[in-house]
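[1] sequence below, structure please.
(one chain, ligands or ions: 1)
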Amino acid sequence: MLRSCTAALRTLRALRGRREGASPAARDPVLARRWFSTEKVIPKDHALPNPSWSKDLRLLFDQFMKKCEDGSWERLPSYKNSKLVKEQLSQAQLFTRGYEDGLGFEYVIFYNDDEKRTVCLFQGGPYLQGVPGFLHGGAIATMIDAAVGMCAAIPGGIVMTANLNINFKRPIPLCSVVVINSQLDKIEGRKLFLSCTVRSADEKILYSEATGLFIKLDPEKSLI
Ligand SMILES: CCCCC/C=C\C/C=C\CCCCCCCC(=O)SCCNC(=O)CCNC(=O)[C@H](O)C(C)(C)COP(=O)(O)OP(=O)(O)OC[C@H]1O[C@@H](n2cnc3c(N)ncnc32)[C@H](O)[C@@H]1OP(=O)(O)O
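    Reported below is the predicted structural model:
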């Protein structure tokens, strides 16, 4: 919270500087250091353990990291900002990475190229509550969209969700760990058909099932 307030104040100060004719960097020494620094800023990869991760999440993470050792699985890094969008809209950030550690979406996605499938390990934090004590359906849908979307985007390139169909079978307790298994079922031209299940960490409870249709964007067509 303190960090975001400081950033907001900095932006306000910079904008005030712009209105008054001075360059924002000239009015803000921290901004100036950032602008003129030759240091490369390395973005933070959020798909790595942090102190908010439960024992269950760490255990599953370690198991999948072991599976990565022979190259059959790979951990997908995950960043808050896209450089491309950031240039146009400075505050844009990935919806699922918009919360402080542990409060919202904590997750990591692993990909298996031979099997064209992903496994997403997800711990939904207290800000994602719907019915008291349980995850909001919209938060579950968001995480399914992101996990299935990655499973489509790796073989398909730039894709968008055209249809997402979810059956919510059991409520997911807040702060518990679930495993989202997604797989590519078929490709027809620009259409990628996928399916997924959401289960408890011990795989005993089937929380949700979903199917998704993702469309590979046509470079000839404008999105707007
Ligand atoms: C997904 C992640 C990819 C990015 C990865 C990159 C970096 C990683 C960083 C972050 C990860 C982020 C993960 C977030 C995932 C979130 C994904 C989303 O939520 S996307 C946002 C929600 N979706 C939309 O806003 C899409 C809105 N719709 C459209 O823009 C368009 O409809 C379209 C999907 C682009 C398709 O339009 P287009 O003109 O290109 O195609 P057509 O209409 O001609 O259709 C082609 C073909 O598909 C059939 N079709 C289309 N829609 C449907 C539908 N809803 N149901 C069934 N069939 C559909 C259509 O009939 C055509 O079929 P055919 O060729 O047989 O005639």
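[2] how much space separates Ser63 from the ligand?
    Just to correct that, residue 63 is Gln rather than Ser. 24 Å (CB to the nearest ligand atom, to the nearest Å). For every residue, glycine as well, the C-beta is placed using N, CA and C.
[3] any chance you could list what contacts stretch 125-141?
    Counting by CB atoms under 8 Å, 6 or more residues apart in numbering, stretch 125-141 makes contact with 52, 99, 102-106, 124, 164, 166, 168, 171-175, 198, 207-208, all of which sit outside it.
[4] once you drop chain neighbours, what's closest to the residue nearest the centre of the chain?
    Centroid check for the chain by CA atoms, centre = their mean gives Thr96 as the closest residue, at 4.5 Å. Excluding the flanking residues, the one nearest Thr96 by CB to CB, 6 or more residues apart in numbering is Phe105, at 4.3 Å.
[5] list the contacts for that neighbour?
    Contact partners of Phe105, counting by CB under 8 Å, 6+ apart, are 96-97, 99, 122, 124-125, 128, 139, 142-143.
[6] may I have the phi/psi pair for it?
    Note on Phe105: its backbone torsions stand at phi -90, psi 110 [degrees, to the nearest 10].
[7] circling back to that earlier point, what about burial for the contacts of Phe105, which qualify?
    96-97, 122, 124-125, 128, 139, 142-143 (16 or more other CB atoms under 10 Å).
[8] any chance of those in TSV, with pLDDT too?
    Formatted as TSV, the buried ones among the contacts of Phe105 follow (pLDDT from 0 to 100):
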residue	pLDDT
Thr96	98
Arg97	97
Phe122	98
Gly124	98
Gly125	98
Leu128	98
Ala139	98
Thr142	98
Met143	98
